[in-house]
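Undergrad: no sequence on this one, just coordinates:
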């Protein structure tokens, strides 16, 4: 249901949870009571996610992109404006694989491995660009090693995109960053960025977005062990 529907018109989450008829073999009364309470919270969370998404879509126009940055793609130079292709929306992900790294960030790599499988579907709706400061040949070699087939890779070596939209400086190294841009006629504007980082993280938790963009964490959050506090993806096992 659309988030524009007034909350007063929605059945309460508790009512919907208590109307749920799903039962599993061997479950106790205590389990079902706790699960029903949890289901009500899950319904509330779903509605909150939809409200946040609606607020995001309603943002005022963002700042104009300051220049038509030149990137290096697998087929040669590409301007930022060309990354939009046939779509008016472009998502960019700054991959932590700069020239100072011998190997790319394992967390970024885990995320991008998941997105590679989804990319044929994603590209039906929006354009997507994976950006790093390493030479495009180095990026492509790792993509082949990893078995990636669909991720659009671009090197930002020599331009200021990473500085402008990932907050990087020569001394800071490379940062992971999600940005969304919008094309309105000939005007290119920034629409949204993931701004939740270390400064907004809760005690005992790694910085994360809401919802978390990494599929692996969402899946592990469904398990008894959860995501844990000392395990992270690796490039190899």
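TA: All right, it came through fine. Keep in mind it's a predicted model, so treat the numbers as computed, not measured. Numbering: from 1, shown residues only.
Undergrad: next helix or strand past the longest helix belonging to the chain?
TA: When the chain is parsed with DSSP state H, its longest helix is helix 29-57. Towards the C-terminus, the helix or strand next in line after helix 29-57, according to DSSP states H and E, is strand 70-73.
Undergrad: buried ones in that following strand?
TA: Under the neighbour-count criterion of 16 or more other CB atoms under 10 Å, strand 70-73 has 71, 72, 73 buried. (Glycine included, C-beta is placed from N, CA and C.)
Undergrad: how far away from the center of its chain is that strand?
TA: Distance of strand 70-73 from its chain centroid, counting by CA atoms, centre = their mean, to the nearest Å, is 22 Å.
Undergrad: against which helices or strands is that strand packed?
TA: Counting contacts by 3 or more CB pairs under 8 Å, 6 or more residues apart in numbering; DSSP states H and E, strand 70-73 packs against strand 76-79, strand 153-155.
Undergrad: before we move on, back to that, export the buried residues of strand 70-73 as TSV, with columns for distance to residue 9.
TA: Compiled in TSV, the buried residues of strand 70-73 are given as follows (distance: CB to CB, whole Å):
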residue	distance to residue 9
71	47
72	52
73	49
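Undergrad: ok, so of those, who is nearest residue 50?
TA: residue 71 (34.5 Å; CB to CB).
Undergrad: ok, the closest one - contacts?
TA: 77, 78, 79, 80, 83, 129, 131, 154, 155, 156, 159, 161 (CB atoms under 8 Å, 6 or more residues apart in numbering).
Undergrad: any of these buried? List them.
TA: 78, 80, 83, 129, 131, 154, 155, 156, 159, 161.
Undergrad: residues touching stretch 204-215, excluding its own?
TA: 49, 52, 107, 110-111, 114, 178, 194, 196-198, 200-201, 217-218, 221, 229.
Undergrad: do that again at 7 Å, thanks
TA: Stretch 204-215 is contacted from outside by 49, 110, 111, 114, 178, 194, 196, 197, 198, 201, 218, using CB atoms under 7 Å, 6 or more residues apart in numbering.
Undergrad: same check, this time on stretch 180-200
TA: So stretch 180-200 is in contact with 56, 59, 61-65, 81, 84, 88-91, 177-179, 207-210, going by CB under 7 Å, 6+ apart.
Undergrad: next one: stretch 222-237
TA: Residues beyond stretch 222-237 that count as contacts (CB under 7 Å, 6+ apart) turn out to be 103, 106, 107, 109, 110, 216, 217, 220, 221.
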